[in-house]
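Engineer: the sequence and its predicted three-dimensional model are supplied below.
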Amino acid sequence: MTKLYIAYGSNMDEEQMAYRCADARIVGTAVVESHRLLFKGGKDRVYATIEPEEGSHVPVLIWEISREDERRLDRYEGCPKFYYKKELPVLVNGETRNAMVYIMDERNPQNKPSYNYYGILERAYIKYGFDDFILKRALEESCP
């Protein structure tokens, strides 16, 4: 059994996903509507997350993952303590489908990600033709 997984952070990097999730395959790109991208976490653990915001959207990569991939991602994402899972509707290849997404515990403060982490997202935005204004806005709004 497989499910769709929404990636908006470092899991947009194909090499990292190949290492983390052996069965995963890219299905396409999509947009999560009525959400914005942010960076949150403590000073040594600052990562991307999404939060509801009317009128905003976040470009994402959609993966198809196996149950074993999901178990691996749960461990990697620190689920359910650091991130929790939710299902969101996304338009994938012309069809609205529900897909799993990890969202960071909202109690974490906004903060600046590492240069390397931000670079992973920046390269993915370029590769997939995403609007980098969204990424730059998230960085600007998340810096204390």
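Structural biologist: Now that the structure is in, tell me what you want to look at.

Engineer: next helix or strand past the longest strand seen in the chain?
Structural biologist: Of all segments of type strand in the chain, defined using DSSP state E, the longest is strand 45-66. Following strand 45-66 in sequence order, the next helix or strand is helix 67-77 (DSSP states H and E).

Engineer: contacting residues for the spatially closest residue to residue 66 that is not a sequence neighbour?
Structural biologist: Nearest-residue entry for residue 66: residue 23, 3.9 Å, with adjacent residues in sequence omitted and distances by C-beta to C-beta, 6 or more residues apart in numbering. For the C-beta atoms, the positions are set from N, CA and C on the backbone; glycine is no exception. Contacts for residue 23 (C-beta atoms under 8 Å, 6 or more residues apart in numbering) come out as 2, 65, 66, 68, 69.

Engineer: that's a helix at residue 23, yeah?
Structural biologist: No - the assignment for residue 23 is coil, going by DSSP: H, G, I helix; E, B strand; the rest coil, so no helix is present there.

Engineer: what's the mean pLDDT across stretch 128-144?
Structural biologist: For stretch 128-144, the mean pLDDT works out to 95.

Engineer: where in this structure is pLDDT low?
Structural biologist: 144 (pLDDT under 70).

Engineer: picking up where we left off before, next, the residue nearest to residue 66: phi, psi?
Structural biologist: phi -90, psi -10 (degrees, to the nearest 10).

Engineer: what's the answer for residue 43, then?
Structural biologist: With angles defined as degrees, to the nearest 10, residue 43 sits at phi -60, psi -30.

Engineer: neighbour-wise, which one of the contacts of residue 23 leads?
Structural biologist: Neighbour count (other C-beta atoms under 10 Å) singles out residue 65 as the most crowded of the contacts of residue 23, with 26 neighbours.

Engineer: just the helices in this structure please.
Structural biologist: Under the criterion DSSP state H, the chain carries helices at the ranges 14-20, 67-77, 115-127, 132-142.

Engineer: buried residues in the first one?
Structural biologist: This means helix 14-20. If you call a residue buried by 16 or more other C-beta atoms under 10 Å, then helix 14-20 has these buried ones: 17, 20.

Engineer: repeat for the second one
Structural biologist: Of the residues in helix 67-77, 69, 70, 72, 73, 77 count as buried by neighbour count, 16+ other C-beta under 10 Å.
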